[in-house]
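Just the structure for this:
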Amino acid sequence: MKNVQYEMFDLPEIAIIGKEGLCTKEKNAAQDLWRQANSDFREIADLGMKNADGSFVGFWGAMSDETLSFLPWTDDFSRGLYLAGVEVYEDTPVPDGWVKWVMPARKYLVTEVHSESYRELFEYVIKSLIPELGLRLAGAVCDFTEPATGQNKLFFPVE
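Residues are numbered from 1 along each chain as shown. Here you go, the predicted model:
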């Protein structure tokens with residue numbers, strides 16, 4: 001996985017409304033959470049932040065440790081909370097059946113990712129690229145999909 005393209009990005013505090021669940025080695029709930037969020041999306045579509053052209057700012061597969069401290073997942077990055085949702089304004093009210101997270105401002109190492117290379121890229125960045133750059137993983141990694149382009153990215157919080 002040498003020559004992985006990445007950029008460093010300072011992301012301000014962001015809020016996300018979505019469907020939350022616990023992922024474990026035995027059951028990765030992420031796909032189920034996305035199915036729930038997508039099937040009920042009409043309930044929150046008007047709440048999502050939008051760009052000037054009317055497209056949504058972004059869809060997040062936000063992750064946190066089980067204490068909701070936004071620390072890395074445990075059990076070899078297989079156990080933690082997952083929130084499948086859309087970026088919203090921080091003061092957006094939360095409809096029944098949905099959860100809002102406010103993620104802290106952080107510096108991120110950001111890479112583009114494709115589903116067929118997700119695991120390999122994830123492990124390479126954590127085990128090789130971040131240490132090679134003299135950085136350390138400072139929190140849970142998040143998935144991001146840019147609606148305007150359909151591009152999927154991984155956001156690795158680093159210090």
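
Which parts of this structure are strands?
Defined through DSSP state E, the strands belonging to the chain, from first to last, are 6-11, 14-23, 59-64, 80-88, 99-103, 106-112, 142-146, 151-157.

would a markdown table of those strands with mean neighbour count, mean pLDDT and distance to residue 134 be doable?
To be clear about C-beta, it is placed using only N, CA and C from the backbone, and glycine gets the same treatment. Putting these into a markdown table (neighbours: other C-beta atoms under 10 Å; pLDDT from 0 to 100; distance: least, C-beta to C-beta, whole Å) gives the following:
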| stretch | mean neighbour count | mean pLDDT | distance to residue 134 |
| --- | --- | --- | --- |
| strand 6-11 | 12 | 96 | 12 |
| strand 14-23 | 21 | 98 | 26 |
| strand 59-64 | 23 | 97 | 24 |
| strand 80-88 | 24 | 98 | 26 |
| strand 99-103 | 17 | 97 | 24 |
| strand 106-112 | 18 | 97 | 12 |
| strand 142-146 | 19 | 95 | 22 |
| strand 151-157 | 20 | 97 | 14 |
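
With distance to residue 126 as added columns, please give the ones you listed in a markdown table.
Formatted as a markdown table, the entries for these read as follows, by distance: least, C-beta to C-beta, whole Å:
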| stretch | distance to residue 126 |
| --- | --- |
| strand 6-11 | 13 |
| strand 14-23 | 16 |
| strand 59-64 | 13 |
| strand 80-88 | 14 |
| strand 99-103 | 19 |
| strand 106-112 | 10 |
| strand 142-146 | 13 |
| strand 151-157 | 7 |
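
of all those strands, which lies closest to residue 46?
Nearest to residue 46 among the strands of the chain is strand 80-88 (10.1 Å), distances taken as C-beta to C-beta.

Mind giving me the packing neighbours of the closest one?
Packed against strand 80-88 by the contact rule (3 or more C-beta pairs under 8 Å, 6 or more residues apart in numbering; DSSP states H and E) you find strand 14-23, helix 30-39, strand 59-64, strand 99-103.

let's see it at 6 Å
The elements that strand 80-88 packs onto, with contact taken as 3 or more C-beta pairs under 6 Å, 6 or more residues apart in numbering; DSSP states H and E, are strand 14-23, helix 30-39, strand 59-64.

Of all those, which one comes closest to residue 95?
Ranking the helices and strands packed on strand 80-88 by proximity to residue 95 (C-beta to C-beta) places strand 14-23 first, at 7.7 Å.
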